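Trainee: From the sequence below, what's the structure:
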Amino acid sequence: MDTIEAILERAAGVAPEAEVYLSRAESVGAELSRDRVRVGQASHAVGLGIRVFDGGRVGASSTNDPSRWEACLEAALAAMRLADPQPWHGLPAPAELPAGRLAFDPAVTLAPGAVADLLDAMMAGAAEHPSASVTAGSAGLSRSSVEVANSHGLRYADEETHASCSIEAIAGTSTGFEFDASHAADLDPARVGEQAAFFAAHGVGGEALAAGTYDLVLSPLALAELLEAVLVPALVGRNVHAGRSRLAGRVGEEIMDPRLSLYDDPHRPMGPGAAWFDAEGVPTRRLDLVRDGVLAGFAYDLRTAYRFGADPTGSAVRGGYGGAPSTGFHTLVLEGPVADVMANTAIYVRSVVGAHTANTITGDFSVEVSNPSFIEGGAFTTPVRTAMWGGNVFDLLSRVEGVSTETRTVGEMVLPALRVAGQRLVG
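Mentor: Next comes the predicted model:
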């Protein structure tokens with residue numbers, strides 16, 4: 001009998017329902033200090049999470065030593081007995097899921113030589129701009145697996161691979177950074193290095209910006225930083241019902257440009273959170289959040305859905321094996337009116353500093369723009385020394401002039417560059 005079966009069998013005699021979450025991961029990585037490897041590392045991790053349920057009371061416990069599952073189960077049972085009851089309608093039953101892995105590439109191997117190749121390629125790319133110097137960088141490769149099982153006979157397993165690299169550069173007082181991450185062995189480390197060095201070199205001698213109103217092109221990174229701070233939490237059911245979302249009670253209303261749509265697509269191959277099932281074993285599905293500018297719905301895990309009388313959306317995620325799942329997203333995709341966003345004069349916003357200080361309810365923000373530069377005809381022209389930008393995320397999404405054809409994965413989002421008009425900047 002394996003560990004999962006043993007836990008469920010023991011739990012069956014003391015709790016009406018039980019859930020087991022088992023994760024394993026192996027990785028190799030290295031970090032740069034200037035042009036030399038500062039540290040290399042390899043790791044192996046395993047984690048076990050147990051939840052038990054009785055009469056609406058929930059208890060959870062976890063351990064990084066699955067051989068101690070009996071003590072872990074006892075701790076979960078003790079927590080359950082002390083918990084306050086809440087609405088609960090049961091863990092999911094097993095369902096037929098599609099075969100195959102959505103986020104696994106056998107070409108991602110945990111070879112130290114492969115990590116060294118990523119570092120070397122980034123350094124070679126950065127060398128295309130000799131006025132910039134590399135200050136730091138990193139690369140990593142990993143393979144991981146998860147199993148979710150419960151007392152209703154559900155038992156799912158999945159595997160994924162991950163590759164990433166990043167680098168920072170400096171030229172005078174101007175800095176630049178770039179990164180890439182994927183479930184597949186399709187990184188472009190040379191471009192990562194080249195872009196980091198480019199932004200560092202290009203920013204040298206940046207000109208002061210006169211206060212005024214400008215058209216902006218937000219890179220996918222800058223757009224992600226603003227959406228993650230304001231729009232993403234506003235679409236989580238728990239925040240909506242707790243009064244922490246501007247979108248509460250507005251399903252069916254137009255909340256952004258009618259040419260924009262936002263949806264969560266867990267079945268997108270190699271998407272950042274691609275999976276056939278969520279962290280509680282609920283089958284995943286495409287979840288339309290904003291359709292043609294109109295708010296279509298919110299995301300729920302089981303506990304939040306049961307508490308507020310909503311339907312679960314397969315949106316449970318875990319930050320690790322410890323604790324309980326929470327509501328999140330798998331692969332958020334933003335679509336809009338495609339245009340050549342770089343063609344006409346505008347200020348390109350590479351990233352922003354201070355998005356986390358935005359008002360998550362009103363959407364108001366005030367941020368510093370990083371690596372700003374004027375663009376024209378698809379090319380970077382005059383760099384800007386620095387700029388402050390204030391506005392409102394919801395208003396921003398109602399004044400869209402176009403989005404780029406190319407998209408980029410940033411965190412759990414797949415985003416284009418976005419062009420907006422009439423934004424107030426102060427140098």
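
Trainee: so where is the stretch 301-427 of the chain shaky, pLDDT-wise?
Mentor: Within the stretch 301-427 of the chain, no stretch falls below the threshold (pLDDT under 70).

Trainee: For Met270, which non-adjacent residue is closest in space?
Mentor: Leaving aside its sequence neighbours, Met270 sits nearest to His183 (Cβ to Cβ, 6 or more residues apart in numbering; 4.8 Å). Where you see a C-beta, it was placed from the backbone N, CA and C, and this is true even at glycine.

Trainee: these two touch, right, the one you found and Ala275?
Mentor: No - counting by Cβ atoms under 8 Å, His183 stays clear of Ala275, with 11.1 Å between them.

Trainee: Overlap of the contact sets of those two?
Mentor: Ala103 (Cβ atoms under 8 Å, 6 or more residues apart in numbering).

Trainee: Now Ala30: which helix or strand?
Mentor: Element membership for Ala30, per DSSP states H and E: strand 17-33.

Trainee: Pull out the buried positions in that strand.
Mentor: Of all the residues in strand 17-33, those buried under the rule 16 or more other Cβ atoms under 10 Å are 17-25, 27-32.

Trainee: neighbouring strands for it, and are they parallel or not?
Mentor: strand 36-54 (antiparallel), strand 133-150 (antiparallel) (DSSP bridges).

Trainee: Let me know which of the ones you listed is tucked in deepest.
Mentor: Highest mean neighbour count among the strands paired with strand 17-33 (mean count of other Cβ atoms under 10 Å): strand 133-150, with a mean of 21.

Trainee: how much distance is there from that one to the middle of the chain?
Mentor: Distance of strand 133-150 from the chain centroid (Cα atoms, centre = their mean, to the nearest Å) equals 13 Å.

Trainee: Report the mean per-residue pLDDT for it.
Mentor: When pLDDT is averaged over strand 133-150, the result is 98.

Trainee: Could you name the helices and strands sitting against the following helix or strand past it?
Mentor: Helices and strands here follow DSSP H and E; after strand 133-150, the next one along the chain is strand 155-171. Contacts defined by 3 or more Cβ pairs under 8 Å, 6 or more residues apart in numbering; DSSP states H and E place strand 155-171 against helix 112-126, strand 133-150, strand 174-182, helix 189-202.

Trainee: Strand 155-171 and the last one, what's the angle between them?
Mentor: Read that as helix 189-202. Relative orientation of helix 189-202 versus strand 155-171 (axes from the mean of the first three to the mean of the last three Cα atoms, to 10 degrees): 40 degrees.

Trainee: The shortest one too?
Mentor: Interaxial angle of strand 174-182 relative to strand 155-171 (the same axes, to 10 degrees): 160 degrees.

Trainee: just the second one next, same as before
Mentor: In this structure, strand 133-150 runs at an angle of 170 degrees to strand 155-171, with the same axes, to 10 degrees as the basis.

Trainee: Only the C-alpha atoms, please, for strand 133-150, written as PDB.
Mentor: C-alpha atoms of strand 133-150 as PDB (Å, rounded to 0.1, in the frame of the first residue of the first chain):
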ATOM      1  CA  SER A 133      28.200  45.300 -18.100                       C
ATOM      2  CA  VAL A 134      26.400  42.300 -16.600                       C
ATOM      3  CA  THR A 135      25.900  42.600 -12.900                       C
ATOM      4  CA  ALA A 136      24.000  39.500 -12.100                       C
ATOM      5  CA  GLY A 137      22.000  36.600 -13.600                       C
ATOM      6  CA  SER A 138      20.600  33.200 -13.100                       C
ATOM      7  CA  ALA A 139      19.300  30.100 -14.900                       C
ATOM      8  CA  GLY A 140      17.400  27.100 -13.700                       C
ATOM      9  CA  LEU A 141      15.800  23.800 -14.900                       C
ATOM     10  CA  SER A 142      13.300  21.700 -13.000                       C
ATOM     11  CA  ARG A 143      10.900  18.800 -13.200                       C
ATOM     12  CA  SER A 144       8.000  18.300 -10.800                       C
ATOM     13  CA  SER A 145       5.000  16.100 -10.200                       C
ATOM     14  CA  VAL A 146       1.800  16.400  -8.100                       C
ATOM     15  CA  GLU A 147      -0.800  13.900  -7.100                       C
ATOM     16  CA  VAL A 148      -4.300  14.800  -5.700                       C
ATOM     17  CA  ALA A 149      -6.500  12.100  -4.200                       C
ATOM     18  CA  ASN A 150      -9.500  12.100  -1.900                       C
END
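
Trainee: Now do Pro233 against Ser131, distance only.
Mentor: Note on Pro233: its distance to Ser131, by Cβ to Cβ, to the nearest Å, is 41 Å.

Trainee: Work out for me the element Val367 sits within.
Mentor: strand 364-370.

Trainee: For His89, give me its contacts.
Mentor: For His89, the contact set (Cβ under 8 Å, 6+ apart) comprises Tyr306.

Trainee: pLDDT at it, what is it?
Mentor: On pLDDT, His89 comes in at 97.

Trainee: In which helix or strand does it reside?
Mentor: Using DSSP H and E, His89 sits within no helix or strand.

Trainee: How much space separates it from Ala305?
Mentor: Distance, His89 to Ala305, using Cβ to Cβ: 9 Å.

Trainee: how many other residues sit next to the residue nearest to Met270?
Mentor: By the criterion of other Cβ atoms under 10 Å, His183 has 22 neighbours.

Trainee: Not counting residues beside it along the chain, what's closest to Ala158?
Mentor: Residue 158: Asp, not Ala. Excluding the flanking residues, the one nearest Asp158 by Cβ to Cβ, 6+ apart is Val146, at 5.7 Å.

Trainee: can you tell me how far the one you found sits from Gly322?
Mentor: Between Val146 and Gly322 the computed distance is 14 Å (Cβ to Cβ).

Trainee: And for Leu302?
Mentor: Taking Cβ to Cβ, one finds Leu302 at 18 Å from Gly322.
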